[in-house]
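Colleague: Fold the following for me, if possible:
(one chain, ligands or ions: 1)
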Amino acid sequence: MIDIEDQFTQRERAAAEFILGLRRQWATVMYPALVGEYERAAESVASPSEVRDAVHALPSYPWFSYMERLQQKMLWRLAADVILKRRDDLLDQLPERERPDGVASLKLDPDLTLPSWYTDYDIHMQPGGVYSDILSAYVYQFGARIVMLRQNDNLRFHRLFVDSALPDVKAATRVVDVGCGFGKSTQPLASRYEGAEVIGIDLAAPVLRLAYALAEEAGAAIRYLQADARSTPLEAGSCDIVTGTMVLHEMPEQAIIDTVAEASRLLKPGGHLRFLEFQLTGDPMRDVTIEEHAERNNEPYFHSLFASDLPAICRAFGIRDARWQAFDERSGGVSSSGWGERPEWHLPWSVLSGTKEGQ
Ligand SMILES: C[S@@+](CC[C@H](N)C(=O)[O-])C[C@H]1O[C@@H](n2cnc3c(N)ncnc32)[C@H](O)[C@@H]1O
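Modeller: As a prediction, this is how the structure comes out:
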């Protein structure tokens, strides 16, 4: 398959490098400078609202916020330009239905109604999200590489999630990855659980079409299904593992609860639930800037994730030993010792894990 970046002109490559450089500067230079400003200005703040007010009063905070939105807008603009220019070639790569001789499978549901909470916002500021235009999957694919500061190239981050969140789970017969996008966690799951039936589920047809094409290219027998993670067509008690990466924070509170309930319904007794998300760090200044990433990056349901007691929700639906653990992509992934010292801006990745009762 064509990878859009292999076709970049010198000008396009320069533009992509510029946006990546801007983002790195913002995370590694601008954020620590903001922290320094906060430490000098706010020695005596105590309550969470005082911390918020103190952060808002920092001279650099409007710039820090503006720079995040600006680089995001530049990124989507560049992605749209480079992809639309190659529209026909890229469309040719995205089959509408599965190939009769293929190893992977694709089942789209043109009658699926997308929930309004999903279509009301351009998540991540990506115009039209990942559901409204077939090419939006490529836009998201390219954009996510830059947003992750190229640290997830070759799915390094998602492979680390699969390996470190399921270290002792060596075998499975059925694995389901909800909110799979174009398969960044589904592919590593298929490599790790060779011979298992691996199913990726998403609301959006464009990402599923790209996921299917990538699976075909990799020779991975993954089943992709267009469905809602809150109510899938799969049989109860049929799965050894249910995962989701970076999906719960895109849902309002009730949808998060419904998704956990559905994951529990799907799991066999003793089956494993793993979701890669974010959690607040306990550092008040950092946490204000993390919570407000919701507004800066059009991710309104970040707040629902932080307000939800997910271990308690898991327990209510028969998932035992539910807990959050920090995930540090710089080292071994899931970590029992927190995120460690990190001066730069980063999303505090965390893994929610638990086991279905009954075994
Ligand atoms: C940020 S992307 C993450 C994709 C992929 N898991 C990854 O790690 O790259 C979130 C994905 O979840 C999907 N999604 C959101 N709500 C969903 C739901 N209720 N059911 C299925 N998919 C959903 C979106 O369409 C999107 O593809």
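
Colleague: Contact residues of the stretch 1-150 of the chain facing the ligand?
Modeller: Remark: the part of the stretch 1-150 of the chain in contact with the ligand comprises 118, 130, using CB under 6 Å from any ligand atom. C-beta: built from backbone N, CA, C; applies to glycine.

Colleague: Could you list the low-pLDDT ranges of the stretch 1-150 of the chain?
Modeller: For the stretch 1-150 of the chain, the stretches with pLDDT under 70 are 46.

Colleague: Can you name the residue of it nearest the ligand?
Modeller: Going by CB to the nearest ligand atom, the ligand is nearest to residue 130 of the stretch 1-150 of the chain, at 5.1 Å.

Colleague: How about the contacts made by that residue?
Modeller: Contact partners of residue 130, counting by CB atoms under 8 Å, 6 or more residues apart in numbering, are 123, 136, 137, 139, 140, 181, 204, 206, 207.

Colleague: so can I have TSV of those showing secondary structure?
Modeller: Output for those, formatted as TSV (DSSP: H, G, I helix; E, B strand; the rest coil):
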residue	secondary structure
123	helix
136	helix
137	helix
139	helix
140	helix
181	coil
204	coil
206	helix
207	helix
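
Colleague: Most neighbours among those residues, which one?
Modeller: residue 207 (28 neighbours; other CB atoms under 10 Å).

Colleague: was I right about it contacting residue 140?
Modeller: Yes - Residue 207 is in contact with residue 140 according to CB atoms under 8 Å; the separation is 6.8 Å.

Colleague: Now do the strands in the stretch 151-300 of the chain.
Modeller: Ranges of strands within the stretch 151-300 of the chain are 174-178, 197-202, 222-226, 239-245, 267-278, based on DSSP state E, counting those that start in this stretch.

Colleague: so what's residue 257 up against?
Modeller: Here residue 257 is in contact with 308, 313 (CB under 8 Å, 6+ apart).

Colleague: For the residue nearest the centre of the chain, give its distance to the ligand.
Modeller: Among the residues of the chain, the one closest to the centroid is residue 246, at 2.7 Å (CA atoms, centre = their mean). In this view, residue 246 and the ligand are 4 Å apart by CB to the nearest ligand atom, to the nearest Å.

Colleague: Model confidence for the nearest residue to residue 184 once chain neighbours are set aside, exactly?
Modeller: Ranked by CB to CB, 6 or more residues apart in numbering and with sequence neighbours excluded, the top spatial neighbour of residue 184 is residue 158, at 4.6 Å. Per-residue confidence at residue 158 stands at 97 (pLDDT).

Colleague: Return the residues in contact with residue 158.
Modeller: Residue 158 touches 152, 184, 185, 187, 188, 245, counting by CB under 8 Å, 6+ apart.

Colleague: check contacts around the third one.
Modeller: So the one you mean is residue 185. Going by CB under 8 Å, 6+ apart, residue 185 touches 158, 161, 162, 177, 243, 245, 276.

Colleague: can you pick the most crowded of those residues?
Modeller: residue 177 (32 neighbours).

Colleague: Return the distance of the nearest residue to that residue once chain neighbours are set aside relative to residue 48.
Modeller: Spatial nearest neighbour of residue 177, chain neighbours left out: residue 186 (4.4 Å); criterion: CB to CB, 6+ apart. According to CB to CB, to the nearest Å, residue 186 stands 38 Å off from residue 48.

Colleague: More neighbours: the two, which one.
Modeller: Taking neighbours as other CB under 10 Å, residue 186 and residue 48 compare with residue 186 leading, 31 against 12.

Colleague: Low-confidence regions, the stretch 151-300 of the chain specifically.
Modeller: Ranges of the stretch 151-300 of the chain meeting pLDDT under 70: none found.

Colleague: All the helices of it, in order from the start?
Modeller: For the stretch 151-300 of the chain, the helices defined by DSSP state H, counting those that start in this stretch occupy 156-165, 186-192, 205-218, 253-266, 284-291, 293-296.

Colleague: List the buried residues in the first one.
Modeller: When you say that, I think you mean helix 156-165. Residues 157, 158, 159, 160, 161, 162, 164, 165 are the ones in helix 156-165 that count as buried (16 or more other CB atoms under 10 Å).

Colleague: In contact with the closest residue to the ligand within the stretch 251-359 of the chain: list those residues for me.
Modeller: Nearest to the ligand in the stretch 251-359 of the chain, going by CB to the nearest ligand atom, is residue 251, at a distance of 5.6 Å. Shown in contact with residue 251 (CB under 8 Å, 6+ apart): 117, 259, 301, 304.
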